[in-house]
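# could you look at this predicted model? Sequence included:
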Amino acid sequence: MSAPLSLAKGWPFLATLLVSLVLYRFGIELLAALAAGFVLTWVAYRFRVATVAALSLAIAVPQLFLMIDVLPADWDVIAAGIRISDALLVGMAGASVVKVLIVKRRTSAERVFIGASVVLGALLLFAIVRSLGAYGVSAPGEFRFRYLILSLPLYLALVIRDEHELASVQRLIAALPVIGVMMTLPVVVTVKGWGVGADSRFYPSAVSLALLYSAIWFGISATGERARSGRGVSTAILLLAGVFIVADSHRSVWLVAALSVLVLMRYGFIRLHRIWAWGLGAALGIGVVGGVVALSGVNVLEYVGTRASAFLNPTADGTSYWRLVVWKAYLGPWLVNPVFGQGFGAYWDVYIPEFAARTTVFPHSLYVVTLVKLGVSGLAALLGWFYAAWRALAFRGGDQQGEMSISVPVMMGVLGVVGSLAYGSVYHLEFWSLAWMGVGLARTWRSPQGGGFWK
């Protein structure tokens with residue numbers, strides 16, 4: 001009898017032995033977790049668009065109701081603090097690993113991005129394992145809360161199979177914020193009223209950011225021969241996004257919006273020499289947005305100017321100054337282990353000399369958090385991961401006139417990378433930027449001319 005045939009007949013015995021050993025050594029909990037992981041991986045691998053839709057809803061629903069606090073804190077908890085979104089992301093990570101293992105032929109850009117993902121994943125795993133003894137389940141818990149979302153763009157880039165699925169994902173993540181705001185706004189206004197200001201916001205910054213991306217996608221999809229949306233629809237969504245981006249005044253989103261305009265100009269989606277075609281519409285749109293915001297009784301110009309002044313003089317703004325001194329204070333804990341950081345699981349706790357007090361508040365910066373938790377090596381790996389994605393997206397070659405040739409989903413992917421890095425200056429990794437980044441990568445590697453800079 002040949003060895004392969006013997007192995008094939010003996011696999012049930014080997015599997016039973018392995019399960020018995022796991023049960024004996026670790027108990028039923030680990031076995032159940034592994035079984036759940038396999039099931040989630042299969043679901044994510046088999047039902048791709050449905051998995052993205054489920055995750056989008058699990059992320060969007062609490063964001064839309066965050067400011068009125070009507071959802072129970074544990075509304076989406078499955079067990080042991082694990083939320084629906086966590087389970088879906090674990091499935092996405094597993095499906096991505098399976099795809100990496102079974103697909104052999106890849107472009108150079110894919111291999112570089114996968115390599116960057118492996119390096120970053122190894123450092124994240126190291127940060128968990130080295131902290132288990134000191135912090136127990138808090139170590140993987142902090143990873144789950146802060147960095148598991150990185151599975152999303154990897155999943156979209158590697159597992160989405162064809163243009164039909166990619167188009168469905170685009171429509172989903174573009175339409176969901178718009179529909180969500182329209183459905184929840186009556187409830188939000190009923191609970192909090194129509195008040196405008198930093199202390200009376202309708203939605204958190206993530207919703208404003210999601211609306212920004214939606215407005216851009218509908219706007220640039222309304223032009224060209226293969227337009228996906230009409231100009232009337234795109235204009236209405238742009239006005240809706242403008243109202244809440246101005247009213248809720250999340251300066252992190254203003255920063256992303258400004259950089260997005262520059263990037264869109266760079267790639268020819270906004271052309272200054274055609275200002276006669278869009279300038280009047282933009283002026284009217286600004287007037288409409290200002291008029292709606294002014295219904296709350298605020299002076300719109302003064303309000304926007306006051307909020308924007310923090311970009312030029314951050315120390316004069318209370319929130320910006322708080323962030324600056326907290327970031328400075330966390331240089332101390334980082335310098336204790338500057339290369340690999342302190343690992344996951346420890347509580348945030350630092351003394352701030354400027355306030356003569358301690359703070360246990362999250363420092364509100366992707367860069368500061370990564371430095372403290374993962375050190376210089378982790379921050380370099382994370383930035384390298386974004387750089388690999390950006391190079392694959394941004395360097396697509398040009399046409400005979402030397403202009404950059406880039407499709408709508410790839411453009412959105414570029415904006416997702418830019419948005420992640422800009423938004424991360426004052427917050428952490430978030431769903432919407434990473435989702436659009438994954439969409440762009442999926443389109444790049446399914447395009448006949450895909451491969452980016454490393455092709």
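That came in fine, so what should we check first?
# so what pairs up with Ala357 in the strands?
Beta-bridge pairing for Ala357 (DSSP bridges): Ile352.
# check it and give its pLDDT.
pLDDT recorded at Ala357 is 88.
# relative to Lys192, how far out is it?
Using Cβ to Cβ, to the nearest Å, one obtains 31 Å as the distance from Ala357 to Lys192. From N, CA and C alone the C-beta is placed, and that goes for glycine too.
# ditto for Ala60
The gap separating Ala60 from Lys192 is 19 Å, by Cβ to Cβ.
# what about these two, which has more around it?
Comparing Ala60 with Lys192 by other Cβ atoms under 10 Å, the one with more neighbours is Ala60, at 22 against 13.
# show me the contacts for the more buried one.
176-177, 180, 210 (Cβ atoms under 8 Å, 6 or more residues apart in numbering).
# got it, and Gly219?
Contact partners of Gly219, counting by Cβ under 8 Å, 6+ apart, are 234, 237-238.
# swap the cut-off to 7 Å and go again
Listed by Cβ atoms under 7 Å, 6 or more residues apart in numbering, the contact set of Gly219 reads 234, 238.
# ok, Leu176 next?
Leu176 neighbours (Cβ under 7 Å, 6+ apart): 56, 60.
# can you tell me the helix or strand for it?
Taking DSSP states H and E as the definition, Leu176 sits inside helix 163-192.
# can you name the element that comes right after that helix?
Past helix 163-192, further along toward the C-terminus, the next helix or strand under DSSP H and E is helix 205-221.
# quick one: work out the angle between that next one and helix 163-192.
Per axes from the mean of the first three to the mean of the last three Cα atoms, to 10 degrees, the angle that helix 205-221 makes with helix 163-192 is 130 degrees.
# so which elements touch the helix or strand just after helix 205-221?
Counting by DSSP H and E, the next helix or strand C-terminal to helix 205-221 is helix 231-248. Judged by 3 or more Cβ pairs under 7 Å, 6 or more residues apart in numbering; DSSP states H and E, helix 231-248 is in contact with helix 163-192, helix 205-221, helix 275-294.
# render the CA-only coordinates of helix 231-248 in CSV, please.
This file holds the C-alpha atoms of helix 231-248, laid out as CSV (Å, rounded to 0.1, in the frame of the first residue of the first chain):
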residue,chain,number,x,y,z
ARG,A,231,-25.8,64.1,-11.9
GLY,A,232,-28.9,64.9,-9.9
VAL,A,233,-28.3,62.1,-7.5
SER,A,234,-24.7,62.9,-7.1
THR,A,235,-25.5,66.6,-6.5
ALA,A,236,-28.1,65.8,-3.8
ILE,A,237,-25.7,63.5,-2.0
LEU,A,238,-22.9,66.1,-2.2
LEU,A,239,-25.2,68.6,-0.5
LEU,A,240,-26.3,66.1,2.1
ALA,A,241,-22.7,65.3,2.9
GLY,A,242,-21.7,69.0,2.9
VAL,A,243,-24.4,69.9,5.5
PHE,A,244,-23.2,67.3,8.0
ILE,A,245,-19.5,67.8,7.3
VAL,A,246,-19.9,71.5,8.1
ALA,A,247,-22.5,71.2,10.8
ASP,A,248,-20.7,68.5,12.8
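# same question for that helix: list its buried residues.
By 16 or more other Cβ atoms under 10 Å, the buried positions in helix 231-248 come out as 234-235, 237-248.
# just stretch 312-319 next, same as before
Of the residues in stretch 312-319, Asp317 count as buried by neighbour count, 16+ other Cβ under 10 Å.
# fine, thanks again, bye for now.
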